[in-house]
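[1] coordinates only, sequence not included:
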């Protein structure tokens, strides 16, 4: 399965600022996914990032708040903009399995605390 | 509404004991069901994946079952170890076909194995 390097692993940010999270995959992948995991909650898909086109956002998430870049087939970034304490969550990137018998691969997550 | 519910929410067992985690889903059309293990501060890691026609699959001390008729799955952990302490997440894929299926995540069962 693919190996994903996600950084930063954690950060504490002031409200009103922005944080960019990076995900690097060790192989080329068509789609990358960004998730949010709020405390005690399940993972919620924020958007799907395709190389060469705009990201597709899920209901409740907008590009102005969570701009995504996908400059090539191995890299993507998610920015959390104009942060408020409600944005405190774990953010994870994920890629599809190369072989259908395998599960989706997830990054190790970014634990964001907004103060 | 497509939902995945897991029980119990949390569980404490003694090292060496067995335990069973439950997952009920109301997802249609169904494609497959995965169990993930998420260690604290890490991304989820796939344990098993089962399609409609499979009713049991093992991965070491982890055995997953699937009853597609009752829409229930279980994850049985044998001879638990301290390293099994984690959140276990049940994930069901919607079967729309095509390159990517939408994932529905359960809220997870938090397992603590005590010495």
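    That came through fine. Quantities reported herein were computed from a predicted structural model and do not represent experimental measurements.
[2] Every contact and neighbour count from this point should use C-alpha atoms.
    OK.
[3] helices and strands of chain A: which one has the lowest mean pLDDT?
    Between all helices and strands in chain A, the lowest mean by mean pLDDT, DSSP states H and E belongs to strand A:105-106, at a mean of 90.
[4] what does that strand contact?
    Identification of contacts with strand A:105-106 by C-alpha atoms under 8 Å, 6 or more residues apart in numbering or on different chains yields A:1-4, A:92-97, B:43-46.
[5] Pairing partners for it, with directions?
    Strand A:105-106 has its sheet partners listed here by DSSP bridges as strand A:89-95 (antiparallel).
[6] and the strand it pairs with, average pLDDT?
    The pLDDT scores in strand A:89-95 average 95.
[7] how distant is that strand from the center of its chain?
    Taking C-alpha atoms, centre = their mean, to the nearest Å, one finds strand A:89-95 lying 4 Å from the centre of the chain it belongs to.
[8] Same question for stretch B:91-111.
    Stretch B:91-111 sits 11 Å away from the centroid of its parent chain (C-alpha atoms, centre = their mean).
[9] Now do it, average pLDDT.
    Regarding stretch B:91-111, the rounded mean pLDDT is 81.
[10] and the contacts of strand A:105-106, which are buried?
    Among these, those classed as buried by 16 or more other C-alpha atoms under 10 Å in any protein chain shown are A:2, A:4, A:92-96, B:43-46.
[11] could you dump those to a markdown table with distance to residue A:83?
    Listed next are these as a markdown table, based on distance: C-alpha to C-alpha, whole Å:
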| residue | distance to residue A:83 |
| --- | --- |
| A:2 | 31 |
| A:4 | 25 |
| A:92 | 17 |
| A:93 | 19 |
| A:94 | 23 |
| A:95 | 26 |
| A:96 | 29 |
| B:43 | 23 |
| B:44 | 25 |
| B:45 | 29 |
| B:46 | 31 |
